[in-house]
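Colleague: what's the 3D shape of this:
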Amino acid sequence: MSHHDGDGSSSRGCFFYGCMTAVVVGVVLALAVGALVYYGYSGQAGVRATADAYLEAIDAGDYVRAYDLLGPDWQSRMSPDQFADFEAGAREALGGCSDRRMASVNVQSASGTSARAELGYTITCGSGPMTIRLVMARYEGDWLVEAEEYASPEPDTTAACPSCGTLNPPQANFCSHCGARLRDLEQP
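Modeller: Residues are numbered from 1 along each chain as shown. A predicted model of the protein is given here:
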C-alpha cells in the first residue's frame, strides 16, 4: 500500500508544480505586455507633447523656441535666422491658420536610438485646408522635429451618381451601381 500512496502524492506534486509554473508564466507575460503598452503609450504621449509644443511655438511666432525643438540634422542645414524667415514666409503664404487637429500618429519605435514617428495634422488656412506632416526622431531621450511638410489635401475626384448617390471613380461615365449616365460623353 505504501507504493500506491507514493504514486498519488507524486502525481499531486506534478499537478501542483505544473499549475504554479503556469501561474508564474502568466504573471510574467502579463507584466511584459503591460510594460510594452505603458512604454508605447508614454513614447506616443512624449512625441505628441513635443509636436504640439513645436506647432504652438510656430503659431505664436516664437521661432527661437521652435528652433530648439528641431533635431540636429535640421539645425545643421538651417540657422535660427533662416528658420525664422522660412517659417514666417510659410505662414504668410498660407494666409493665417487655425483649427489644427491631429489626424494620425505613427510611432515606429518609442524607445532606442532608432525611435521615429510621423504625426499628421489638418488645419484650416486662409489659402484653404492644409495638412501638416511632422517627422520626429528621438535623440538622447528627447523627441525632436526632423522634418515638416505642408500640403493641400488630395481633391475628392469621385463622382456621385445623380440617380442613386453611389460614389464612382473619376473616369467613370456611367454609375457602377445603377448604370445612370454620370457626365456627357464627348462627341468624336
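Colleague: hey, let's count contacts and neighbours off CA atoms from now on
Modeller: Fine.
Colleague: what's the helix or strand for residue 86?
Modeller: Using DSSP states H and E, the element containing residue 86 is helix 80-94.
Colleague: that helix - what's its average pLDDT?
Modeller: Averaged across helix 80-94, the pLDDT comes to 88.
Colleague: that one - contacts with which helices or strands?
Modeller: In terms of contacts (3 or more Cα pairs under 8 Å, 6 or more residues apart in numbering; DSSP states H and E), helix 80-94 is packed against helix 63-68.
Colleague: packing partners for the helix it packs on?
Modeller: Other elements packing on helix 63-68 under the criterion 3+ Cα pairs under 8 Å, 6+ apart are helix 2-60, helix 80-94.
Colleague: run through who's touching the shortest one.
Modeller: Outside of helix 80-94, the residues within contact range by Cα atoms under 8 Å, 6 or more residues apart in numbering are 58, 61, 63, 64, 67, 97, 125, 126, 127, 128.
Colleague: redo that, cut-off 10 Å
Modeller: Counting by Cα atoms under 10 Å, 6 or more residues apart in numbering, the neighbours of helix 80-94 from elsewhere in the structure are 58-59, 61-68, 74-75, 77-79, 95-97, 124-130, 150.
Colleague: residues of it that come out buried?
Modeller: Taking 16 or more other Cα atoms under 10 Å as the neighbour-count basis, helix 80-94 is seen to contain the buried residues 83, 84, 87, 88, 91, 94.
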